[in-house]
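Q: quick one, structure for this:
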Amino acid sequence: MLRLATLISLTCALLATVLIGATPAGAQEPQRRYIDVLEVSGLIDPIQVASINAHLDRAESEGATAVIIQLNSPGATVGTDEFVELLDRIDSSPVLVAVWVGQAGSDALGASALLASAADVSGIAPGSRIGDVGDDLDIDLPAPFDSYVDRSAEDVAAIEAGMVDAFAPTIGDMVLYLEDANLTDTLSEIADPDAEVPQRQLLDDVTVRFSSLGLLDQLMHTVASPPVAYLLLLIGLMMILLDFYTAGIGVAGVVGAVSLLLSSYGLGVLGASPTGLILLIVASLAFAIDIQTGVPRFWTAVGCITLVVGTFTLLPGYGIGWLPVLSGIGLTVAFVLSGMPALVRTRFSTTTIGREWMIGLMGKAVSSIDPEGVVEVRDAKWRARTNRLTPIGEGDVARVVAIHGTILEVEPETGGARDYREMRNKS
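A: Below you'll find the model as predicted:
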């Protein structure tokens, strides 16, 4: 009986070990190895710099096998000192750091190209470019980047020039290159007698981890891109202007305030020109003057000119892009010329139902009506039209004789000239 009880106890212990997944005494779980892949896209701003440093810290603390920076960047917005510290951080990292300019068609231009020089190894995907370093950073450029200050090289040409080490169409090829260069021991061959080329796979204890910016960091990084910061500024100015002509603080005011706050952050990171910023503010104020009158005149022309000049001087050194520029200018002008006058009439005019009672009332011309302008009738401003033969000067008295939609037909107090067709019909 004692032997039977002992046998049952050992059997239960063994089953419990298998079911729970416990490790037998004296054995250790194999330690997993990691290859971290960090996506870096867009301008390298303070958020991207902090992300790279944070991932290097994690890789070092967890003993990662390698860190691969997947790069697609047109340049950097951080200052020289901060960028040099980033290069030194990559160069001195005890973990193997590789830079892969990919996927196909990616760019590593401006200061971002120097990340390849600081990394232990670098690769480039088909159709990708690297170079055009420029002279924004006050540092001595390493060879061969000093020969590519104002030009770039594409994939194979970049390898021949010595700016990158390997041609890697995919991130898998980049990992494969690390293995072939004896930089890592992470792959094993797959036994396949039918394969023309030896097939390899990651070892069981190796895991690839892909990382990118978090949601909030991605939002702020996007805001700090030139086209987004520019469009947010225009949206904010127009929404504040719209809220000014509507009763109370509404959705337009909140949207405008949030847009201006986000734009302020982006423009601050990008180093916006104060001259361009002032010109865009002046443009919105000029539009506001003529919106009040309801007729585009001198100040509308001033607003259009300052809008265009401010757009092209706002972010010197960065390309906003023709599509955002045309969209921003076109939609702003269309909003000012068509949308805002209707809203002004909604706020400052009388009810638009049963307006026949207005016929015969006397009003005052707010602007010269020749043949169109603005007339004020009972403290409400309306667009007005008169006969070309009887123009009404600014400040003169005008009589309402007809209503066409939202436009009043008026004549001078002493009576308007008759159309020749009307005279002929009566005769």
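Q: residues in contact with residue 62?
A: residue 34 (Cβ atoms under 8 Å, 6 or more residues apart in numbering). C-betas here are computed from N, CA, C, even on glycine.
Q: which phi and psi does it have?
A: Phi and psi for residue 62, reported as degrees, to the nearest 10, are phi -100, psi 0.
Q: distance of it relative to residue 33?
A: 10 Å (Cβ to Cβ, to the nearest Å).
Q: over to residue 124?
A: Taking Cβ to Cβ, one finds residue 124 at 26 Å from residue 33.
Q: which of those two has more residues huddled nearby?
A: Shown here are residue 124 and residue 33; by other Cβ atoms under 10 Å, residue 124 has more neighbours (32 against 18).
Q: ok, and the closest non-adjacent residue to residue 282?
A: Closest residue to residue 282 apart from its sequence neighbours, by Cβ to Cβ, 6 or more residues apart in numbering: residue 306 at 5.0 Å.
Q: run a quick neighbour tally on the one you found.
A: For residue 306, using other Cβ under 10 Å, the count is 21.
Q: hmm, it is touching residue 284, no?
A: No. Counting by Cβ atoms under 8 Å, residue 306 sits too far from residue 284 to count as a contact (9.1 Å).
Q: give me the low-pLDDT residue ranges for the stretch 201-350 of the chain?
A: 201-205, 246-249, 293-295, 339-350 (pLDDT under 70).
Q: so which residues of it form strands?
A: 206-211 (DSSP state E, counting those that start in this stretch).
Q: would you verify that residue 376 is located in a strand?
A: Yes. Under DSSP: H, G, I helix; E, B strand; the rest coil, residue 376 sits within a strand.
Q: follow-up on the earlier one: and the residue nearest to residue 282, how far is that from residue 254?
A: In terms of Cβ to Cβ, residue 306 sits 26 Å off from residue 254.
Q: same question, residue 272
A: 23 Å.
Q: out of these two, which sits in the more crowded spot?
A: Neighbours of residue 272 and residue 254, each counted by other Cβ under 10 Å, are more numerous for residue 272; the result is 23 against 12.
Q: and the helix or strand encompassing residue 401, what does it pack against?
A: Using DSSP states H and E, residue 401 maps to strand 397-404. Strand 397-404 is packed against strand 362-365, strand 372-377, strand 407-412, with contacts defined by 3 or more Cβ pairs under 8 Å, 6 or more residues apart in numbering; DSSP states H and E.
Q: now do the next helix or strand after the second one against strand 397-404, angle only.
A: In this case it means strand 372-377. Next along the chain after strand 372-377, taking DSSP H and E as the criterion, comes strand 380-385. Here strand 380-385 runs at an angle of 80 degrees relative to strand 397-404 (axes from the mean of the first three to the mean of the last three Cα atoms, to 10 degrees).
Q: now strand 380-385: buried residues?
A: 381, 382, 383, 384, 385 (16 or more other Cβ atoms under 10 Å).
Q: same deal with stretch 104-120?
A: 106-120.
Q: closest one of those residues to residue 394?
A: Among the buried residues of stretch 104-120, residue 110 lies closest to residue 394 (Cβ to Cβ), at 55.4 Å.
Q: grab the nearest non-local neighbour of the closest one.
A: Closest to residue 110 by Cβ to Cβ, 6+ apart is residue 75, at 2.8 Å.
Q: correct me if wrong: that neighbour contacts residue 108.
A: No. With contact defined as Cβ under 8 Å, residue 75 does not count as touching residue 108 (9.5 Å).
Q: can you check which residues contact both of these two?
A: In contact with both residue 75 and residue 108: no residue, using Cβ under 8 Å, 6+ apart.
Q: tell me where the stretch 51-200 of the chain has helices.
A: 80-92, 114-118, 155-161, 171-180 (DSSP state H, counting those that start in this stretch).
Q: pick the most buried one from those.
A: For the helices of the stretch 51-200 of the chain, the largest average neighbour count (mean count of other Cβ atoms under 10 Å) is found in helix 114-118, namely a mean of 23.
Q: contacts for that helix next, please.
A: 69, 71, 83, 86-88, 90-91, 97, 99, 101, 108, 122, 130, 133, 137, 141-142, 145, 163-164.
Q: now it: mean pLDDT?
A: Per-residue pLDDT values over helix 114-118 give a mean of 94.
Q: stretch 161-173 too?
A: pLDDT averaged over stretch 161-173 gives 92.
Q: mind starting the numbering at 8 from now?
A: Happy to do that; since the first residue is 8 now, the last one works out to stretch 168-180.
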